[in-house]
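Student: Sequence first, then the predicted structure, then my questions.
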Amino acid sequence: MKTSPVSRRQFVRTAAGAAALFTAPLIVPSRLFGAAAPSNRIRVGQIGCGRIALGHDLPGVLKSGLADVVAVCDLDTKRLAHGQAWVQRFYQGGTRMAPEVAAYADYQELLARKDIDAVVLSLPDHQHAEVALRAVRAGKDIYLQKPFTMTYAESVVLRDAVARSGCIMQIGSQQRSWGPHQQFRRACEFVRSGRVGRITAVEIGLPIDPTRRDDPPQPVPEHLNYDRWLGPTPEVYYTEQRVHSQRLNAEGALDIGSRPGWLRHEAYCLGMITGWGSHHFDVAHWGLDQEYGGPLQLEGTGEFPTNAIWNVHGKYNVQLTYPGGVRMRVSDELQNGIKFIGDEGWIFVARDEGATASDPKSNTPGKLHWLAASDPKLLDPEGVTVKFPESLSHHKNWLECVQSRAKPLSPAAMAHHSNTACILSWIAMKTARPLTWDAGAGRFVNDAAADALLTRPERAGYGALRLAAKA
């Protein structure tokens, strides 16, 4: 065997690189290290090619300048083709060399590619846990759309798997990186700096989704893998109403801009309590310094349509008690946003726009501005004692952390706690009685019926809990 001479400089460089590999998580691709790392953009696979993917996640990743999307995946092959064409068009006329964009109808084939460093999961809520868990096991870094998972049991399994793996997971709680005004970060800095005094209460306002009469059964489209779309949920008849639109837009392309039906059915989504609740609870925890904490007691009511496909909650009201006796109210009767109330005033914060064109609108004319206070002096930037990292792009923050291995703004362990608060609020609405939560034990105190709602049965062949049991 022939050998090549190695200079001292080459040896030192090689040894340093090897040391970095052994001290860094094994999940990190070796080509992202070294002096040439900035020129090695992260290779990303996009799983899910619907409304959130094309309207929010793909633009966020591609505009960061740190990554290339080299593969897309969807169970609906028409949406898959649309997603592939969308990515290819992004590169046209740009200065970047366009990569080959592969298309997969099976996400496990995408995850099996060793040259893909990271994946973005833009999926219906009921598929989050299993697909994310498989991505963790495939050694990928992950951007996971909120909510973290559908159930508390899934949340624990996924949180622990991420912690063991060392993967960089960012949850799509993008209000931490929101817009040019940075109002959510600024509001939490003001509150944590004591501007409203001792916090006594928090109000969270969320919209609700409408219901309607059921559509009859329809033939399953040939281009949709409906069985895999259902995943761990019960086998039920297909109708477009429960999945996503198959209509064509004015240009003759598949309509992906409208809010899909699965957002309104409890097998696939818990409704706005997790839909926007994931965002607002995250900010509330941020301001309360409860990012790794949560409620102690809950009580709530909610209206739920019966015998309907669109059966997520309608009008609702939930009361939660946090450490220090802080009372939190969550209701559709409140202005969409978060209001921190203290013994020296209040600060209110909300979105100034939606993440996608079809999102419910955040503010109503005549209502509070996206950042308001009982006294304008509470919003004076001078003298703020608590400062948080500034981020203008949630996706870019994730990609920077993929390179540096630093903790992103919305890591899995943190998302588990805001996700838990959402799920517990839903359970309070379902049970309509006072509940006491034991976070250490991961169950309610002396309430087996409420405990039963912390998990769900999984259809044979699917599910994160079934997958975790095979480890």
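Tutor: That came through fine.

Student: Name the nearest residue to Q174, ignoring sequence neighbours.
Tutor: H394 (3.9 Å; C-beta to C-beta, 6 or more residues apart in numbering). Bear in mind the C-beta positions are built from the backbone N, C-alpha and C, glycine included.

Student: Show me the residue sitting in the middle of the protein in space.
Tutor: The chain has K146 as the residue nearest its centroid, 2.0 Å off, counting by C-alpha atoms, centre = their mean.

Student: Please report how far that one lies from N40.
Tutor: Distance, K146 to N40, by C-beta to C-beta, to the nearest Å: 29 Å.

Student: How about H56?
Tutor: Distance from H56 to N40, by C-beta to C-beta: 25 Å.

Student: was I right about W346 contacting F340?
Tutor: Yes: using C-beta atoms under 8 Å, W346 is in contact with F340, at 6.3 Å.

Student: These two - which one has more neighbours?
Tutor: Applying other C-beta atoms under 10 Å to W346 and F340 shows that F340 carries more neighbours, namely 27 against 22.

Student: does the more buried one count as helix, strand or coil?
Tutor: Following DSSP: H, G, I helix; E, B strand; the rest coil, we place F340 in the strand state.

Student: Show the average pLDDT along the longest helix seen in the chain.
Tutor: For the chain, the helix that runs over the most residues, judged by DSSP state H, is helix 412-431. On average, the pLDDT along helix 412-431 is 98.

Student: Give the next helix or strand downstream of that helix.
Tutor: For helix 412-431, the following helix or strand on the C-terminal side (DSSP states H and E) is strand 435-438.

Student: Give the buried residues for that following strand.
Tutor: 435, 437 (16 or more other C-beta atoms under 10 Å).

Student: what's the spacing between the following helix or strand past it and its chain's center?
Tutor: The C-terminal neighbour of strand 435-438 among helices and strands, as given by DSSP H and E, is strand 443-444. Relative to its chain's centre, strand 443-444 lies at 24 Å (C-alpha atoms, centre = their mean, to the nearest Å).

Student: which is the next helix or strand following strand 443-444?
Tutor: From strand 443-444, the next helix or strand downstream (DSSP H and E) is helix 448-451.

Student: where are the low-confidence patches of the stretch 351-471 of the chain?
Tutor: 354-367 (pLDDT under 70).

Student: now do 50
Tutor: Within the stretch 351-471 of the chain, the stretches with pLDDT under 50 are 365.

Student: Which residue ranges of the stretch 251-400 of the chain form helices?
Tutor: Residue ranges of the helices in the stretch 251-400 of the chain, as given by DSSP state H, counting those that start in this stretch, are 272-275, 277-288, 394-404.

Student: For the shortest one, which outside residues touch it?
Tutor: Applying C-beta atoms under 8 Å, 6 or more residues apart in numbering, the set of residues contacting helix 272-275 from outside is 125, 146-147, 206-209, 263, 269, 312-313, 316, 318, 330, 332, 419, 422-423, 425-426, 429.

Student: higher neighbour count, H56 and N40?
Tutor: More crowded of H56 and N40, by other C-beta under 10 Å: H56, with 20 against 15.

Student: still on that earlier bit, may I have the residues that are in contact with the closest residue to the residue nearest to the centre of the chain other than its chain neighbours?
Tutor: Once flanking residues are discounted, K146 sits nearest to S278: 4.0 Å by C-beta to C-beta, 6+ apart. Going by C-beta under 8 Å, 6+ apart, S278 touches 146-148, 171, 173, 415, 418-419, 422.

Student: Show me just the buried residues among the contacts of helix 272-275.
Tutor: Buried residues within these, counting neighbours by 16+ other C-beta under 10 Å: 125, 146-147, 206, 208-209, 263, 269, 312-313, 316, 318, 330, 332, 419, 422-423, 425-426, 429.

Student: In strands, which of those residues appear?
Tutor: 316, 318, 330 (DSSP state E).

Student: ok, the second one to M169 distance?
Tutor: Computed as C-beta to C-beta, the V318 to M169 distance reads 28 Å.

Student: same thing with A85?
Tutor: 29 Å.

Student: cool, K63 as well?
Tutor: Distance, K63 to M169, using C-beta to C-beta: 21 Å.
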